[in-house]
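Asker: Build me a model from this:
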Amino acid sequence: MALVTLPGAHLHTQVLEVERPTAMAASHSPSSLVSDTPAIAEAKQAQRARCLNSLKGRPAGVDATLCTRLADMLLATEYHHIACVWPLPHEIDLRPLCHQLSLAGRLVLLPDTPPRGQPLTFRLWTPQSTMLRGRFGTQVPDGPTLVPDLVLVPLLGFDRTGNRLGYGGGYYDRTLATLPGVRSVGYALAAQEVDHLATGPYDQRLSCLITEREILHFD
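Answerer: Alright, predicted model coming up:
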């Protein structure tokens, strides 16, 4: 456990008691609740390993490119309560996007990870928020709980039919199932694309997905 402060003049949020994650964990951490068949689970695990390597090996500067593309897309819409993601060390860093959306007057929400088997809730974040320790190494703002009208969804892999490969905990699938009508926007590197993802009965398809190269619409 450590006290962490974020570098850079544009990132002043205080962080308290942050536990660094171990292996593949987050509001995206593996769950003991298994809904996939053994064959599908095995196929997903193999795809996760390849996609995680692509994510970790991404070139410098691609995070900033994705933040710019996401900001351009989101600020051209009327969505006001936007659920973002505070990154783990290996993940695409959306913190500059959080600041840009907040400065533009949008409400930025961040996920609060519940015990396994439950959907995420989302708390209001501002640049002045104190970040508290969450489950699985995540960081959670101290703001009130609100309901998003658009959710940015982290992922390890995707295909061109809107399927998303997560970390295996089912948190975002479970959450999106409880938010009918809420737009779900995945973000990833083009290198995280898979020809065909193995899917289970509870996997939720994305509304659209944005990479550093293109935007894919699925609805």
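Asker: Flag every buried residue along the longest helix that the chain contains.
Answerer: Determined from DSSP state H, the single longest helix within the chain is helix 38-56. Neighbour counts over helix 38-56 (16 or more other Cβ atoms under 10 Å) mark 40, 43-44, 47-48, 51-52, 54-55 as buried. C-beta coordinates here come from the backbone N, C-alpha and C atoms, glycine included.
Asker: Check which helices and strands it sits against.
Answerer: strand 157-158, strand 164-165 (3 or more Cβ pairs under 8 Å, 6 or more residues apart in numbering; DSSP states H and E).
Asker: of all the ones you listed, which lies closest to residue 116?
Answerer: For residue 116, the closest of those is strand 164-165, at 18.7 Å, according to Cβ to Cβ.
Asker: how far does that closest one sit from the chain's center?
Answerer: Chain-centre distance of strand 164-165: 11 Å, with Cα atoms, centre = their mean, to the nearest Å.
Asker: residues in contact with it?
Answerer: Contact with strand 164-165 is made by 44, 47-48, 51, 153, 155-158, 172, 186, 194, 197, 203-206, 209, as judged by Cβ atoms under 8 Å, 6 or more residues apart in numbering.
Asker: Can you pull the phi/psi pair for the closest residue in space to residue 52 that isn't next to it in sequence?
Answerer: Nearest non-adjacent residue to residue 52, counting by Cβ to Cβ, 6 or more residues apart in numbering: residue 156, 5.7 Å away. Per-residue torsions, residue 156: phi -100, psi -30 (degrees, to the nearest 10).
Asker: Give me the distance between the most centrally placed residue in the chain and residue 187.
Answerer: Geometric centre of the chain, nearest residue: residue 154, 2.8 Å, by Cα atoms, centre = their mean. With distances taken as Cβ to Cβ, to the nearest Å, residue 154 is found 7 Å from residue 187.
Asker: which residues are common contacts for those two?
Answerer: residue 92.
Asker: Dig out what residue 151 forms beta bridges with.
Answerer: For residue 151, the beta-bridge partners are residue 83, residue 184 (DSSP bridges).
Asker: That's all I had, so thanks and see you.
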